[in-house]
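[1] sequence unknown, structure follows:
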C-alpha cells in the first residue's frame, strides 16, 4: 500500500515540511455552505469537531460513488473534508474505523425502516412496508449503495460490521414475532428462520431497487410488485407452518 493510501503526507524539509496545504474547497453539498463571519456566536470546538467528522463521513460516501471502500485512500478523504491527513486521526483511529461507523449509521436507517415494517407483519402491511423501504432507499441512496456493495466487499472489518447488524435485525425481529398471536408457541429456531427470511428479503429488495430501471433489469414498479408477492408468500407460509414437535 502506498504512502498516499496510508494517508501519510510526503513533504520536503524546511518550513514547508511543517504544513500541508489543502487547496481543495471544503465540500458543502451535504453540510451546507460554510458560513462567513457575521458577528454571530463563534462555533464551539465540539461543534467544529462534529462538523468535520460529518464531512469525513459524507465525503467518503461521495468518493465511493463509482468505487468500493477499499479503493478510497485516507488522503483523499481528508482532502475532500478540507483537512490535512494527520488531522483525520482526531476523529477516527483508522480508515477501517470510519468504515465501521458508516455501517452503523447507515444501518440505523435500515433498522428503523425494518422496525416500521415489522410492527404488524401481515399480508396487508406488505405494500405499506415496501413504500417505506422505497422512500428510504431513494432518500439515502449513497448509504444503501455502500451497504449493498460492501456486504461482501474486500474490507474484513466492514463485512463483519454489516454481518453483525444483520444478525441484530434478525434477533430483534425474532423477539417481535413471539408477540404475534399464533406464533407464541413456535420453536425458537423456527422463529429465527422466519425472521431471517424477512430480513434477507428486505435487504435483497434494497439491492434490486438500487439497480432498478437500468437496461436489462426490472423497473422499480416491477421490483416492488415482486417483493410484495415474496413477503405475502412468507407471511402466508408462516400461518400454515406446523412443524412436527419432538
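    Nice, I can see it. Please read all numbers here as calculations on a predicted model, not as lab measurements.

[2] give me the contact list for the helix or strand harbouring residue 173.
    Taking DSSP states H and E as the criterion, the element that holds residue 173 is helix 156-177. With contact meaning Cβ atoms under 8 Å, 6 or more residues apart in numbering, helix 156-177 is reached by 69, 96-97, 99-100, 102-104, 107, 110-111, 114-115, 118, 121, 147, 150-153, 183, 186, 188, 191-192, 194-196, 198-199, 203. Where C-beta positions appear, they are placed from N, C-alpha and C, glycine not excepted.

[3] and what of stretch 185-196?
    170, 171, 173, 174, 177, 178, 183, 234, 238, 241, 243, 245.

[4] list the buried residues for it?
    186, 191, 192, 193, 194, 195, 196 (16 or more other Cβ atoms under 10 Å).

[5] between those, which is nearest residue 142?
    Top of the list for closeness to residue 142, among the buried residues of stretch 185-196 and by Cβ to Cβ, is residue 196 at 26.7 Å.

[6] against residue 234, how distant is the closest one?
    From residue 196 across to residue 234, the span is 11 Å (Cβ to Cβ, to the nearest Å).

[7] now residue 98
    Distance from residue 98 to residue 234, by Cβ to Cβ: 36 Å.

[8] more crowded one of the two?
    More crowded of residue 98 and residue 234, by other Cβ atoms under 10 Å: residue 98, with 22 against 16.

[9] once you drop chain neighbours, what's closest to that one?
    residue 92 (4.4 Å; Cβ to Cβ, 6 or more residues apart in numbering).

[10] torsion angles phi and psi at the one you found?
    phi -140, psi 140 (degrees, to the nearest 10).

[11] same deal with residue 79?
    Dihedral angles (degrees, to the nearest 10) for residue 79: phi -60, psi -40.

[12] now do it against residue 143, distance only.
    On the measure of Cβ to Cβ, residue 79 and residue 143 end up 22 Å apart.

[13] again with residue 227
    Residue 227 is 20 Å from residue 143, by Cβ to Cβ.

[14] with residue 217 instead?
    21 Å.

[15] which one of these two has more residues nearby?
    Each of residue 217 and residue 143 has its neighbours counted (other Cβ under 10 Å); residue 143 has more, 21 against 11.

[16] settle this for me: that one is touching residue 106, isn't it.
    Yes. Using Cβ atoms under 8 Å, residue 143 is in contact with residue 106, at 3.8 Å.

[17] all the helices of this structure, residue numbers only.
    3-6, 45-63, 74-81, 95-118, 126-139, 141-150, 156-177, 188-211, 220-240 (DSSP state H).

[18] what mean pLDDT does the shortest one have?
    Meaning helix 3-6. For helix 3-6, mean pLDDT is 46.

[19] residues in contact with residue 209?
    Per Cβ under 8 Å, 6+ apart, neighbours of residue 209: 133, 134, 137, 138, 144, 220, 223.

[20] give me the buried subset of these.
    133, 134, 137, 144, 223.

[21] save those residues as TSV, and put in distance to residue 210 and pLDDT too.
    Putting the buried ones among the contacts of residue 209 into TSV (distance: Cβ to Cβ, whole Å; pLDDT from 0 to 100) gives the following:
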residue	distance to residue 210	pLDDT
133	12	83
134	11	89
137	7	91
144	6	93
223	10	95
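
[22] I'd like to know which of those residues is nearest to residue 63.
    Proximity of the buried ones among the contacts of residue 209 to residue 63, judged by Cβ to Cβ, is greatest for residue 144, which lies at 16.5 Å.
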